[in-house]
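>>> sequence plus the predicted model coming up.
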Amino acid sequence: MVIRALLLLLLTTLPAMSDSLRLLIPEMRPVVGEMIPVTIRGEYTGSVTLEKMVFPDSPAYDWVQTARDRWVDERVDGTLYRVFERRVAVFPRHAGTLTIGPVTHHLTKAEGTSRIAVNVEAQPVTRAVTPYPGSGRALAARNVTVRDEFSANPSQLGPSESFTRRITLIAEGSMAHLLPARPTIREPWLISFAAPELRETRLTAQGPVAVAVWEWTLRPHTGETGSLTPLRFPWFNTQIREMRGAVTLPVEIGIAGFGNNIGGQAFSSRTMAVQMGAFALAGLVVGMVAALVGRAPAPGRLVAQIRRLLPNPKGRALRKAARTGDLMALRAAAEAFVMAEVRLGRTVNPRPLRDLDEELFSGRQAGTFDRRDFLRRIGA
């Protein structure tokens, strides 16, 4: 009887020799904020009646369990085991050596009519974490998308009419608290009311997905039109290991029927007269060319040809933005310039915009971008 009691006591303090628990972590060199997938795998003999495992918290990382625990019977090297798997996503907070674990699984096994407590421990695993290559809050993800939605056309508002703007930021392979702070939308000509933000981490088969939803009620309190510059969300793409950026389009806000909007801006009478003169001159040139070649274009084609000869109304703002040295302002002005070019029926080389985006989100030292060459290549 004494021997049996000593044996039971020994089993409660030492793990069964045939039981094993380990942390399965892929070989990787993550950056700060990047998801590290961890699988905790246990292989146990006998009948497990109760179990408890607590994944250790640490000031070095955030973590979330990404799926329900899995228990299956599985043969390993010819021996039947009761296999346990738990999937966890770990997000390092700092650069340096990251240690995950140890992890202990507290089991209760049935041995006939007896219950035996067994503790099985997984040894810790370390990984080297590199600094986040960008600035600000570290956001590393497989993919980031941004949706910009409006309850009404902001450029065609009625007098005293408000509209709702909703921005949804989605980062695959991240957690909600790692997303950037709510953007600020504030202009002297705009009344803005912000609704409470929504942040949540959704668990999917591919891992956690971070979602942030920001909503504003906006109303211009003057009759003039205005523009909201694009919002920039830098992030590290874990697939290609480079910084990228999600950017919203510029938003033109104005009262329907106020002024003569061309490309979303109000123009003075002098500007309108100059454009009308240019339109007439372009029509005369096209007509003369058509007469010389002995064929007159169809009215629709004639209008399209005339429009292609008109100056871009956004060119001046683009050149002004280039002189300021603010690349984010230059990106917003370039977007408006490209949209105006498309409305005028002209094609635009997309490469300069891609080069500007790469400069914005590459994390390189500012001041190296050739703005004069950018204006030349984009046609301004």
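Nice, thanks for sending it over. Numbers count the residues shown, from 1 in each chain.
>>> shaky segments in the protein?
1-17, 223-224, 257-308, 361-367 (pLDDT under 70).
>>> how is it partitioned into domains?
In the assignment given by automatic domain parsing, the structural domains of the chain cover 2-129, 140-253, 269-378.
>>> make TSV out of these and add mean neighbour count.
For every residue, glycine as well, the C-beta is placed using N, CA and C. What follows is the domains of the chain, written out as TSV (neighbours: other CB atoms under 10 Å):
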stretch	mean neighbour count
domain 2-129	15
domain 140-253	17
domain 269-378	15
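>>> so which residues of the stretch 151-300 of the chain form helices?
Under the criterion DSSP state H, counting those that start in this stretch, helices of the stretch 151-300 of the chain are mapped to 269-293, 299-309.
>>> likewise the stretch 1-150 of the chain?
Ranges of helices within the stretch 1-150 of the chain are 2-13, based on DSSP H, counting those that start in this stretch.
>>> quick one, strands of the stretch 151-300 of the chain?
In the stretch 151-300 of the chain, the strands defined using DSSP state E, counting those that start in this stretch lie at 163-172, 190-194, 198-204, 207-220, 226-228, 232-237, 242-247, 251-253.
>>> tell me if residue 341 really is in a helix.
Yes. When DSSP: H, G, I helix; E, B strand; the rest coil is applied, residue 341 is found to be in a helix.
>>> ok, and the closest non-adjacent residue to it?
Leaving aside its sequence neighbours, residue 341 sits nearest to residue 348 (CB to CB, 6 or more residues apart in numbering; 4.9 Å).
>>> and residue 137, by the same measure?
That would be residue 180: by CB to CB, 6+ apart, it lies 5.5 Å from residue 137.
>>> give the contact list for that neighbour.
By CB atoms under 8 Å, 6 or more residues apart in numbering, residue 180 lies in contact with 136-137, 139, 169, 212, 233.
>>> ditto for residue 93
Contacts of residue 93 (CB under 8 Å, 6+ apart): 32-33, 59-62.
>>> again, but for residue 70
Counting by CB under 8 Å, 6+ apart, residue 70 touches 83-86.
>>> of those, closest to residue 228?
The shortest approach to residue 228 among those belongs to residue 86, at 45.6 Å (CB to CB).
>>> the closest one touches residue 54, doesn't it?
No. Using CB atoms under 8 Å, residue 86 makes no contact with residue 54, being 10.9 Å away.
>>> coming back round to it: TSV please, covering the contacts of residue 93 and showing distance to residue 228.
Formatted as TSV, the contacts of residue 93 follow (distance: CB to CB, whole Å):
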residue	distance to residue 228
32	31
33	28
59	39
60	39
61	37
62	33
